[in-house]
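Student: Only the shape, not the letters, is given here:
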């Protein structure tokens with residue numbers, strides 16, 4: 001092996017991460033993986049305070065250094081206030097993971113209106129833009145940063161009756177690709193992870209027959225795990241991924257092969 005040997009792989013000691021929508025589900029798993037790798041993590045929620053408090057308690061019980069923030073990741077003033085508090089209490093943000101997401105109903109295009117399309121764009125294009133802009137000056141000054149957007153296999157699949165969500169995820173993918181090239185001179189990487197359908201609390205009441213049909217269609221024959229998504233995020237946040245940027249990593253058991 002060329003170069004100096006590393007005693008530990010994929011460590012994030014001394015780094016500060018901000019994961020929006022991290023009180024439960026995939027966001028919680030991403031934040032947990034980052035914290036387990038040594039990062040100080042800012043958790044975020046908007047509505048479900050009970051779940052958020054339970055999550056914070058679990059992090060603290062495990063010895064993870066975490067901060068809980070309530071705020072709307074699509075509102076510029078909220079984002080600015082959260083980043084300011086993170087900087088004051090944990091340190092400047094090194095790793096930004098815009099993960100907050102709204103409900104995602106499947107409907108024919110005739111059932112959508114522009115207000116719903118706009119809500120998808122707000123979460124998946126506006127929010128990543130606001131978060132990136134809020135943390136970027138510090139990342140540039142330190143010549144280090146990791147921006148990890150959360151996509152979806154539905155963009156590659158072109159899932160029907162889901163046009164608003166898929167269109168917004170496509171916009172987020174384009175944002176990731178362009179931003180990666182723009183920020184590369186500052187040693188700031190920008191990537192996307194795109195999970196498949198990974199059962200979390202959000203999917204508790206989804207029809208069993210739909211879940212089983214999806215699982216049976218997967219080449220792996222099994223659902224992915226939330227922690228597998230979290231660990232991919234931790235890798236992209238690490239020094240070992242310093243030459244990986246502008247990429248969209250599918251985490252779906254070979255369900256999409258680009």
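Tutor: Perfect, thanks for sending it. The structure presented is a predicted model; accordingly, all values stated were derived computationally and were not measured.

Student: where does the stretch 1-150 of the chain dip in pLDDT?
Tutor: 1-8 (pLDDT under 70).

Student: which residues in it form helices?
Tutor: Along the stretch 1-150 of the chain, the segments classed as helices by DSSP state H, counting those that start in this stretch run 25-36, 49-61, 76-89, 114-121, 127-142.

Student: Can you tell me which helices and strands the second one packs against?
Tutor: Read that as helix 49-61. helix 25-36, strand 40-45, strand 66-70 (3 or more CB pairs under 8 Å, 6 or more residues apart in numbering; DSSP states H and E). The C-beta positions use only the backbone N, C-alpha and C, and glycine is treated the same way.

Student: Can you name the residues in contact with the longest one?
Tutor: Applying CB atoms under 8 Å, 6 or more residues apart in numbering, the contact partners of helix 25-36 are 12, 17, 19-22, 41, 43, 55, 59, 62, 64-66, 95, 97, 99-100, 150, 195, 198, 200-202, 226-227, 229-231, 233-234, 237.

Student: rerun at 7 Å
Tutor: Residues from elsewhere that reach helix 25-36 (CB atoms under 7 Å, 6 or more residues apart in numbering): 12, 17, 19, 21-22, 41, 43, 55, 59, 64, 66, 95, 97, 99, 195, 198, 200-202, 226-227, 229-231, 233-234, 237.

Student: Show only the entries of those found in strands.
Tutor: Residues of those located in strands (DSSP state E): 17, 19, 41, 43, 66, 95, 97, 195.

Student: tell me which of those is nearest to residue 129?
Tutor: Within those, proximity to residue 129 (CB to CB) peaks at residue 97, which comes in at 14.4 Å.

Student: so that closest one touches residue 230, yeah?
Tutor: No - if you go by CB atoms under 7 Å, residue 97 and residue 230 don't touch, sitting 10.0 Å apart.

Student: of these two, who's got more company?
Tutor: Set residue 97 next to residue 230 and count neighbours by other CB atoms under 10 Å: residue 97 wins out with 29 against 26.

Student: tell me which residues form a beta bridge with the nearest residue to that one once chain neighbours are set aside?
Tutor: The shortest distance from residue 97 to any non-neighbouring residue, by CB to CB, 6 or more residues apart in numbering, is to residue 19 (4.3 Å). In this entry, residue 19 is beta-bridged to residue 43, residue 97, by DSSP bridges.

Student: contacting residues around residue 19?
Tutor: Each residue near residue 19 by CB under 7 Å, 6+ apart is listed here: 27, 30-31, 34, 41, 43-44, 97, 99.

Student: can you redo those as a markdown table with distance to residue 175?
Tutor: Formatted as a markdown table, the contacts of residue 19 follow (distance: CB to CB, whole Å):
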| residue | distance to residue 175 |
| --- | --- |
| 27 | 19 |
| 30 | 19 |
| 31 | 22 |
| 34 | 22 |
| 41 | 24 |
| 43 | 24 |
| 44 | 20 |
| 97 | 14 |
| 99 | 15 |
